[in-house]
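1. after the sequence you'll find the predicted model.
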Amino acid sequence: MVHFNFFLKEIEMRIRPLGWIIFIAVLLGLCFLIYTLASPFLQDAGLIGGEVPPTQMVGDPLQPTKPDVGAFPTDTPFEPVEPSPEQPTEPEQPVVVEDPAEGMPKVVVGLDAFAPYYTVLLAKAMHFDAKWGIDIEPIAFYSSDETSFDEAARSEMLSTGQWDVLFTTSDKPSLRPQIGQVVAYTDETDGADKLICNDSVPGKILNALKGKRISFLAESIGEFAVYYYLNIPKIPVTDVALVPNYDGVAAYDDDGNVVGGAVYDFITGKVDCVSGWEPDVDFALDYGGHVVVSTADLRIALDTILVSNNADQNRHDETQAFFYAYAEALKSLLEQPDASETALYEWLATNGLEGDNWSFIYGDPGDWLGWLETTPQATLADNIFVFRNTKQIAERMANDCRVWKSAGFDTPECEPETYLPVINPTYVQTAASISELATTANPVNDTFLFTSQVDIPEITQEDVQAGELLATLPFEKIPFLPDDINLTGDAKVLLDENVCPIMQSSPGLVLNLTGSAALPPDRPGRVYNLEGSLRFAGGRADSVKTYLTVTIEGGGCGIDPDRILTGTVEPAHPRSSKLDELEADRFVQFELISIGY
């Protein structure tokens, strides 16, 4: 400020008055010139305005600003600029995580939407396939792109080598042993497979199935189960109305649930019973159905791993590596169930499979683990135990073959020798030598029972009375020699084929044997009494029990003696002289009781 005042004083002293006038004029001219040159820039910057519009009064309607038509050439009509069309939004794609197995040898695996089979997908999710040098390619039987493989197509894919591995039920290689090698078991079902009927079938009595209409998915475990149930009381398939269905997913129920065609036949009243597996078959319970029998009563359904003959012979190392990856995924599931479940969900989502038609696992915590509650998984240790005795596996397959044969199917020879060549224990045995695959952790349901001995508490008549009658077997006329309590050879064959397999596979069953003997009138030199008749009847029932409980190595069936009860009943026609009545009093009655083990 001092310097500026000093400057003004110097001008005042040195310039004359006229000079002041000239100085002021020049200064104003310079200011006007600067304003003229700078005004366009100031308007663009919004620091000064143009013409001020009339002031709008409060309450007046807003007047839209009109474009200045005069700013455009008069020979070009004003056309407002149209907004550019909105570009379509690309659908959100799943985030595909880089697969470290890409480029490695592929192992193609066919599998269904079944909880134990998802261990294969877990092996993929946790990159165990890459660890063992392969790339697992899972193929769904039914998928969202409407690709589907029925039972015949699955067998064709495996037998021709287009698939290397197939996960399926054990009744399939019993019917078609030529399609591949039986190398391991994944599980057996404990209530997942069911026969549900309306009130025309009371309780759990299989004998009441005679004359009923029964639906099932053709060539599935549901169909095999029907034949198995009919074969127990020896009801011919011609004495029921079989309604096979070929639609895996066919219709909606009243609540909009997608159900299989066989279940739809039941809920619409076309059949009396439906055979299937959960969750689909359970919809029948909402339409007047009740469970007559399930795999909680009869452990008839085993799930198995088959390897194609081509893969076994020409790509054995790759298929063995697949079994390593599967075993390691199963170990992870047993030891870290929650983390494994999460890994599976993430893989399903990132690979675009979440919510597919073939999946009943939607990603909720405990969803996958919940489905495993009715499917006891076979651990590596279980498989090691099972495959030590390939003859017992062959006998189980031969019995399944007899079930198919009883329904009129064209089968191979239903003998153990037919199946021994297709049972291949090398995959399990080789995996047993790798310590990192071993675990002592248990599955969600740890009651895998095939070939194992089950400890059951002592069973009493009270337990039997509290149980439910499942079937009365039509074997009252067990062949005995006259006045003899010992079994004949024909009687042993009958027991081997019709009683032993049921009791061996289903530890929740009790066999109640009731013996009866005739009480004829006295004759010269021979006096009969009731006490002697009952003792003779009990001896024949005990003879049956003894044979059934002798160890397999000793030529018997190896059934726990506590699971077989014996008793007697007085003859219905004492002292009768009629031969047909005396014959009717000579029997051993077989009753299968489900005690809900």
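-> Everything's here; your move. Residues are numbered from 1 along each chain as shown.
2. for the rest of this, base every contact and every neighbour count on C-alpha atoms.
-> Fine.
3. enumerate every residue touching the residue nearest to residue 235 when sequence neighbours are not counted.
-> Of all residues not flanking residue 235 in the chain, residue 210 sits nearest, at 6.5 Å (Cα to Cα, 6 or more residues apart in numbering). Neighbouring residues of residue 210 by Cα atoms under 8 Å, 6 or more residues apart in numbering: 235, 239-240.
4. want to throw those into JSON lines with distance to residue 318, neighbour count and pLDDT?
-> JSON lines is the format used below for the contacts of residue 210 (distance: Cα to Cα, whole Å; neighbours: other Cα atoms under 10 Å; pLDDT from 0 to 100):
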{"residue": "235", "distance to residue 318": "46", "neighbour count": "20", "pLDDT": "95"}
{"residue": "239", "distance to residue 318": "49", "neighbour count": "13", "pLDDT": "97"}
{"residue": "240", "distance to residue 318": "47", "neighbour count": "15", "pLDDT": "98"}
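5. and of those residues, the nearest to residue 335?
-> residue 235 (45.6 Å; Cα to Cα).
6. any idea how far residue 567 is from the closest one?
-> Separation of residue 235 from residue 567 (Cα to Cα, to the nearest Å): 26 Å.
7. distance of the residue nearest to residue 235 relative to residue 267?
-> Relative to residue 267, and taking Cα to Cα, residue 210 is found at 21 Å.
8. what of residue 161?
-> 40 Å.
9. which of the two has more neighbours?
-> Per other Cα atoms under 10 Å, whichever of residue 161 and residue 267 has more neighbours is residue 267, with 24 against 19.
10. nearest spatial neighbour of the more buried one, chain-adjacent residues omitted?
-> residue 287 (5.7 Å).
11. just the pLDDT at the residue nearest to residue 132 when sequence neighbours are not counted, thanks.
-> Excluding the flanking residues, the one nearest residue 132 by Cα to Cα, 6+ apart is residue 321, at 5.7 Å. Looking at residue 321, its pLDDT reads 98.
12. now the phi/psi pair for residue 321, please.
-> phi -60, psi -40 (degrees, to the nearest 10).
13. report the separation between it and residue 333.
-> Residue 321 is 18 Å from residue 333, by Cα to Cα.
14. likewise residue 406?
-> 39 Å.
15. which one of the two has more residues nearby?
-> residue 333 (22 against 19).
16. which SS class is that one?
-> Under DSSP: H, G, I helix; E, B strand; the rest coil, residue 333 falls in the helix class.
17. dump the residue contacts of it.
-> With Cα under 8 Å, 6+ apart, residue 333 has these contacts: 119, 340-341.
18. domains for this protein, by residue range?
-> Following automatic domain parsing, the chain resolves into domains at 2-44, 106-187+301-437, 193-294, 461-594.
19. can I get these in JSON lines with distance to residue 443?
-> Below are those laid out as JSON lines (distance: least, Cα to Cα, whole Å):
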{"stretch": "domain 2-44", "distance to residue 443": "77"}
{"stretch": "domain 106-187+301-437", "distance to residue 443": "6"}
{"stretch": "domain 193-294", "distance to residue 443": "19"}
{"stretch": "domain 461-594", "distance to residue 443": "19"}
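20. how about those, which one is nearest residue 448?
-> Of the domains of the chain, nearest to residue 448 by Cα to Cα is domain 106-187+301-437, at 5.1 Å.
21. so how far is the closest one off the chain centroid?
-> Here domain 106-187+301-437 is found 12 Å from its chain centre; the criterion is Cα atoms, centre = their mean, to the nearest Å.
22. and that domain, how far apart are its ends?
-> 22 Å.
23. least confident of the domains of the chain, on average?
-> domain 2-44 (a mean of 51).
24. how many residues are close by the residue nearest to residue 267?
-> So residue 287, with other Cα under 10 Å, has 16 neighbours.
25. distance check, it against residue 277.
-> For residue 287, the distance to residue 277 - Cα to Cα - is 16 Å.
26. from memory residue 223 sits against residue 275, does it?
-> Yes. Residue 223 is in contact with residue 275 according to Cα atoms under 8 Å; the separation is 7.0 Å.
27. neighbour count winner among these two?
-> Neighbours were counted for residue 223 and for residue 275 using other Cα under 10 Å; residue 275 has more, 27 against 22.
28. on the three-state scheme, the residue nearest to that one when sequence neighbours are not counted is what?
-> Excluding the flanking residues, the one nearest residue 275 by Cα to Cα, 6+ apart is residue 195, at 4.4 Å. Secondary structure assignment for residue 195 (three-state DSSP): strand.
29. also the one 5 residues further on?
-> Look at residue 200: counting by three-state DSSP, its state is coil.
30. that one: how many residues sit nearby?
-> 12.
31. quick one: residues contacting it.
-> By Cα under 8 Å, 6+ apart, the neighbours of residue 200 are residue 272.
32. on that earlier part again, ok, the residue nearest to residue 132 to residue 592 distance?
-> Distance from residue 321 to residue 592, by Cα to Cα: 44 Å.
33. of those two, who's got more company?
-> residue 592 (25 against 22).
34. residue contacts, that one?
-> Per Cα under 8 Å, 6+ apart, neighbours of residue 592: 469-473, 509-512.
35. among the residues you listed, which are in helices?
-> Per DSSP state H, helices hold no members of these.
36. and the residues you listed, which is closest to residue 401?
-> Of the contacts of residue 592, the one sitting nearest to residue 401 (Cα to Cα) turns out to be residue 473, at 19.9 Å.
37. surely the residue nearest to residue 267 meets residue 269?
-> No. Using Cα under 8 Å, residue 287 makes no contact with residue 269, being 9.1 Å away.
38. tell me the secondary structure at residue 242.
-> When the rule is three-state DSSP, residue 242 gets the label strand.
39. so how far is residue 259 from it?
-> 19 Å.
40. more neighbours: which of these two?
-> Each of residue 242 and residue 259 has its neighbours counted (other Cα under 10 Å); residue 259 has more, 23 against 18.
41. residue 582 should be in a helix, yeah?
-> Yes. The assignment for residue 582 by three-state DSSP puts it in a helix.
42. could you shift the numbering so residue one becomes 59, and keep it that way?
-> Fine by me, first position is 59 from now on; the one you just mentioned is residue 640.
43. and it, how many residues sit next to it?
-> Residue 640: 19 neighbours (other Cα under 10 Å).
44. surely it and residue 591 touch.
-> No. Counting by Cα under 8 Å, residue 640 stays clear of residue 591, with 11.8 Å between them.
45. intersection of neighbour lists for the two?
-> Joint contacts of residue 640 and residue 591 (Cα under 8 Å, 6+ apart) are 576-577.
46. returning to that earlier point: so the residue nearest to residue 325 versus residue 382, what's the distance?
-> 45 Å.
47. kindly report the same for residue 394.
-> Residue 394 is 18 Å from residue 382, by Cα to Cα.
48. how about residue 278?
-> 29 Å.
49. please save the CA atoms from stretch 617-634 in PDB.
-> In PDB, the C-alpha atoms belonging to stretch 617-634 read as follows (Å, rounded to 0.1, in the frame of the first residue of the first chain):
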ATOM      1  CA  ILE A 617     -28.000-115.200  10.100                       C
ATOM      2  CA  ASP A 618     -27.700-114.000  13.700                       C
ATOM      3  CA  PRO A 619     -29.700-116.500  15.900                       C
ATOM      4  CA  ASP A 620     -31.300-113.600  17.800                       C
ATOM      5  CA  ARG A 621     -33.100-112.600  14.600                       C
ATOM      6  CA  ILE A 622     -34.900-115.900  14.300                       C
ATOM      7  CA  LEU A 623     -37.600-116.900  16.800                       C
ATOM      8  CA  THR A 624     -39.300-120.200  16.900                       C
ATOM      9  CA  GLY A 625     -42.600-121.400  18.400                       C
ATOM     10  CA  THR A 626     -45.400-123.900  17.900                       C
ATOM     11  CA  VAL A 627     -49.100-124.000  17.500                       C
ATOM     12  CA  GLU A 628     -51.600-126.700  18.300                       C
ATOM     13  CA  PRO A 629     -53.000-128.600  15.300                       C
ATOM     14  CA  ALA A 630     -56.300-127.300  13.900                       C
ATOM     15  CA  HIS A 631     -57.700-130.800  13.400                       C
ATOM     16  CA  PRO A 632     -56.700-133.000  16.300                       C
ATOM     17  CA  ARG A 633     -57.500-136.800  16.100                       C
ATOM     18  CA  SER A 634     -58.900-136.300  12.600                       C
END
